[in-house]
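Trainee: Structure of the sequence below:
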Amino acid sequence: QNYPLYIRSVPTENELKFHYTVHTSLDVVDEKISAMGKALVDQRELYLGLLYPTEDYKVYGYVTNSKVKFVMVVDSSNTALRDNEIRSMFRKLHNSYTDIMCNPFYNPGDRIHSRAFDNMVTSMMMQVC
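Mentor: This next block holds a predicted model:
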């Protein structure tokens with residue numbers, strides 16, 4: 001339904017800008033999914049790669065087989081981050097999300113308030129910075 005379950009940004013003073021960037025990138029994710037059509041039925045995961053670059057940021061996308069969308073916004077000046085590393089980060093994110101979904105006390109569709117998920121995201125963000 002394209003509403004965020006979890007948004008985390010560092011630094012927090014640009015959080016509204018990141019919300020806007022994430023919401024606009026969901027349209028690009030939908031376009032890429034519809035363009036691929038039947039090809040993604042056979043895949044277990046769908047790494048969309050670079051959705052679009054802006055002057056300041058690069059926006060990457062990932063969709064699971066259950067149509068959960070992950071969006072990552074990275075600073076454009078970070079040239080050390082390669083496509084394989086982004087893909088690996090999305091896999092870690094997907095695995096942590098799967099752990100949350102396996103929790104019997106989590107209602108699918110609710111905002112994510114997991115300390116373990118938050119710690120994993122924080123450690124990934126520290127690696128990038």
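Trainee: got the contact list for whatever helix or strand residue 117 lives in?
Mentor: Per DSSP states H and E: residue 117 is located in helix 115-128. Helix 115-128 is contacted by residues 6, 8, 10, 74, 78, 81, 89, 92-93, 96-97, 99-100 when judged by CB atoms under 8 Å, 6 or more residues apart in numbering. Glycine gets a C-beta too; all of them are placed from N, C-alpha and C.
Trainee: Residue 60: how many residues sit nearby?
Mentor: Using other CB atoms under 10 Å, the number of residues around residue 60 comes to 23.
Trainee: Which ones among the contacts of helix 115-128 map onto strands?
Mentor: Among these, the ones falling in strands (DSSP state E) are residue 74.
Trainee: returning to that earlier point: output the helix holding residue 117 as CSV - backbone C-alpha positions only.
Mentor: Provided in CSV are the C-alpha atoms of helix 115-128 (Å, rounded to 0.1, in the frame of the first residue of the first chain):
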residue,chain,number,x,y,z
ARG,A,115,15.6,-2.9,18.7
ALA,A,116,17.4,-5.6,16.8
PHE,A,117,16.3,-4.3,13.4
ASP,A,118,17.2,-0.7,14.5
ASN,A,119,20.7,-1.9,15.6
MET,A,120,21.2,-3.7,12.3
VAL,A,121,20.3,-0.6,10.3
THR,A,122,22.5,1.5,12.5
SER,A,123,25.5,-0.8,12.0
MET,A,124,24.9,-0.8,8.2
MET,A,125,24.8,3.0,8.2
MET,A,126,28.0,3.2,10.2
GLN,A,127,29.8,1.0,7.7
VAL,A,128,28.7,3.3,4.8
